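Give me the fold of what follows.
(4 chains)
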2 protein chains.
Amino acid sequence: MSLRSALLALLRIGPMSGYELQKQFSQSVGHVWHAPDSQIYPELRKMATEELIVAEEQTRGSAGMRRVYHVTEAGEQAFIDWMNGPLKYQRTRDAAHLRAAYLESADQASVYAFLNEHISHWESELQVWEDEIATIEALESPMLNRRLAVTADADREVTIAYKKFAYEGLAARARSEIEWAQRGLQLSKRLERTAAETSP
Amino acid sequence: MSLRSALLALLRIGPMSGYELQKQFSQSVGHVWHAPDSQIYPELRKMATEELIVAEEQTRGSAGMRRVYHVTEAGEQAFIDWMNGPLKYQRTRDAAHLRAAYLESADQASVYAFLNEHISHWESELQVWEDEIATIEALESPMLNRRLAVTADADREVTIAYKKFAYEGLAARARSEIEWAQRGLQLSKRLERTAAETSP
DNA sequence: GCGGGCATGTAAACGGTTACATGATTCA
DNA sequence: TGAATCATGTAACCGTTTACATGCCCGC
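The predicted structure follows:
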């Protein structure tokens, strides 16, 4: 149900087409909840049949078609219910840490490659989130600004604060992953040296 | 392929039945890569047809049956290949942080409930990992000890070090999540007070 | 005799990935 | 005229979740 909630969260900002939503998912929001277009379009159709959203169909040129979706009362309620209800935690399935537990079975070169790739992966994620935080602080986030335009003055600070809070959590996680992999590189070097000393 | 790798990693420790593997998955290993029994039994069957493992069939009493699996040469190679190959990172899909970004739409009570639940969730995960680290350090981990028994002296330190390293990474993540949610509680209190002051 | 742990699965549904597929509009 | 971007999907497959299903062995 989280894909649905993510879509509703975006549509609450303002009516959007599947294509526009997909663009958002490939950017900032997609780094919290990823979804490819092949999942977005069918889900929007499903939500429309359940009347959580309604499509305003626009013709484009002679044959083109564009469906702009609006959140209905029922959709708004579904989102609020999701926000106030309990959250299901999916069980951990962490390939990197699984592999880390058995690194003694990998070649030394593969250990370095693995840890360095882990660092690059999380550094690029960190970059996205730090940029997003900076954009929010500078009040230059298009989506957030659209939302703020329809938000009561008193609620603006709260809206901004929670958005920053969310991204800061993801950034903290990324930093934790990077530090961990860096400790891993040091550990690996130390173990290699030890091995060389004991069996020369 | 990670479920498969996790199963191979455990079976490399020593031959085990589906039931024993399932027990391991519901304990320490399962907190890195969760898998229910309904996934384990069919996967073992599949791996057996692909000859990565072989089943030693034992009858139990009159009708009972027990299949103890051994890793074959091909299975060992498949594991080593997985260890040395690149790792696929699954795209982020984090319901907690998604919700956090829109907390202004939740009731104040739900915000507290959500953050407190996040804290309990990660505290219990942290507990598991810290216990596991302590068990490893005290050389009291049954699975690790079985592995060490068939490991050359020179490789023991490495085996222990990487296992601890893996669990430390997970513990660090848990701590990061707990701290984040605690900052969230403080933020939420501050915002509530601000709101009360501006519109009394 | 009964409860708990041992032992094995099947089946349906759901969510996500990957590949395939098409065509229109807009601007250089 | 051709490339980029807008715009919309389908289909097959795979992995995961949830629920269902059965029955033996051992110790109390």
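
buried stuff in the helix or strand of chain A with the lowest mean pLDDT?
Every helix and strand in chain A was compared by mean pLDDT, DSSP states H and E; the lowest is strand A:53-60, with a mean of 88. For strand A:53-60, the neighbour count (16 or more other Cβ atoms under 10 Å in any protein chain shown) marks A:53, A:54, A:55 as buried. (Glycine included, C-beta is placed from N, CA and C.)

same question, stretch A:110-124
Across stretch A:110-124, burial judged by 16+ other Cβ under 10 Å covers A:110, A:111, A:112, A:113, A:114, A:115, A:118, A:119, A:121, A:122.

what do you get for stretch A:3-19?
Going by neighbour count (16+ other Cβ under 10 Å), the buried part of stretch A:3-19 is A:3-13, A:16-18.

Just the ones in helices from these, please.
Mapping those onto helices (DSSP state H) picks out A:3, A:4, A:5, A:6, A:7, A:8, A:9, A:10, A:11, A:12, A:13, A:18.

so the second one sits right up against residue A:43, yeah?
Read it as residue A:4. Yes - at 6.6 Å, residue A:4 counts as touching residue A:43 under the criterion of Cβ atoms under 8 Å.

Does the longest helix seen in chain A reach chain B?
Ordering each helix of chain A by length in residues (DSSP H) puts helix A:153-198 first. Yes - Helix A:153-198 reaches chain B (Cβ under 8 Å from any Cβ of the partner chain) through A:154-155, A:157-159, A:161-163, A:165-170, A:172-173, A:175-177, A:179-180, A:183-184, A:187, A:191, A:194-195, A:198.

isn't residue A:82 right up against residue A:5?
Yes - counting by Cβ under 8 Å, residue A:82 does reach residue A:5; the two are 4.7 Å apart.

Low-confidence regions, chain A specifically.
Under the criterion pLDDT under 70, the flagged ranges of chain A are A:61-63, A:199-200.

Spell out which residues make up each domain of it.
Using automatic domain parsing, the domain ranges for chain A come out as A:2-84, A:95-198.

Quick test: name the residue nearest the centre of chain A.
Geometric centre of chain A, nearest residue: residue A:32, 1.3 Å, by Cα atoms, centre = their mean.

How about the contacts made by that residue?
Applying Cβ atoms under 8 Å, 6 or more residues apart in numbering or on different chains to residue A:32 gives the contacts A:6, A:166, A:170, B:92, B:94, B:97, B:98, B:101.

if I look at it, how far off is residue B:34?
Applying Cβ to Cβ, to the nearest Å, the value for residue A:32 to residue B:34 is 22 Å.

Ramachandran angles for residue A:92?
phi -60, psi 140 (degrees, to the nearest 10).

Just confirm it contacts residue B:31, I think it does.
Yes - contact criterion Cβ under 8 Å: residue A:92 and residue B:31 qualify, at 5.9 Å.

Which one's more surrounded, the two?
Using other Cβ atoms under 10 Å in any protein chain shown as the criterion, residue A:92 and residue B:31 rank with residue B:31 on top: 20 against 16.

ok, now how distant is that one from residue A:93?
For residue B:31, the distance to residue A:93 - Cβ to Cβ - is 10 Å.

what do you get for residue A:73?
Plainly put, residue A:73 is 37 Å away from residue A:93 if you go by Cβ to Cβ.

Compare these two (neighbour count), which wins?
residue A:93 (16 against 9).

about what we covered before: just the buried residues of the contacts of residue A:32.
For the contacts of residue A:32, buried by 16+ other Cβ under 10 Å: A:6, A:166, A:170, B:92, B:94, B:97, B:98, B:101.

Quick check: chain neighbours aside, which residue is closest to the first one?
What sits nearest to residue A:6 in space, not counting adjacent residues and going by Cβ to Cβ, 6 or more residues apart in numbering or on different chains, is residue A:33, at 4.5 Å.

Report how many residues lie close to that neighbour.
21.

Tell me what it is bridged to.
Using DSSP bridges, the beta-bridge partners of residue A:33 come out as residue B:93.

Report the contact partners of it.
Contact analysis of residue A:33 by Cβ under 8 Å, 6+ apart lists A:2, A:3, A:6, A:25, B:92, B:93, B:94, B:95, B:98.

Just the element for the fourth one, please.
So the one you mean is residue A:25. helix A:18-26 (DSSP states H and E).

helices or strands next to that helix in the packing?
helix A:2-13, helix A:37-49, strand A:64-71 (3 or more Cβ pairs under 8 Å, 6 or more residues apart in numbering or on different chains; DSSP states H and E).

among these, which is nearest residue B:135?
Residue B:135 sits nearest to helix A:2-13 of all those, at 34.5 Å, using Cβ to Cβ.

The closest one and DNA strand D in contact?
No - counting by Cβ under 7 Å from any atom of the strand, DNA strand D has no neighbours in helix A:2-13; the shortest distance is 12.7 Å.

ok, and what's touching that helix?
Contacts of helix A:2-13 (Cβ under 8 Å, 6+ apart): A:16, A:21, A:24-25, A:29, A:32-33, A:35, A:39-40, A:43-44, A:47, A:52-53, A:69-71, A:75-76, A:78-79, A:82-83, A:143, A:146-147, B:93, B:95, B:98-99, B:101-102, B:105.

Now cross-check those residues against DNA strand D and list the overlap.
When Cβ under 7 Å from any atom of the strand is applied, the members of the contacts of helix A:2-13 adjacent to DNA strand D are residue A:44.

just the buried members of the contacts of helix A:2-13?
Buried by 16+ other Cβ under 10 Å: A:16, A:21, A:24-25, A:29, A:32-33, A:35, A:40, A:43-44, A:47, A:52-53, A:69, A:71, A:75, A:78-79, A:82-83, A:143, A:147, B:93, B:95, B:98-99, B:101-102, B:105, out of the contacts of helix A:2-13.

Can you narrow those down to the ones near DNA strand C?
Okay, of those touching DNA strand C (Cβ under 7 Å from any atom of the strand), that's A:35, B:93.

quick revisit: greatest separation within the contacts of residue A:33: which pair is it?
A:25 and B:95 (15.1 Å).

now the nearest residue to residue A:141 once chain neighbours are set aside, what's its secondary structure?
Nearest residue to residue A:141 in three dimensions, chain neighbours excluded: residue A:135, at 4.7 Å (Cβ to Cβ, 6+ apart). When classified by DSSP: H, G, I helix; E, B strand; the rest coil, residue A:135 comes out as helix.
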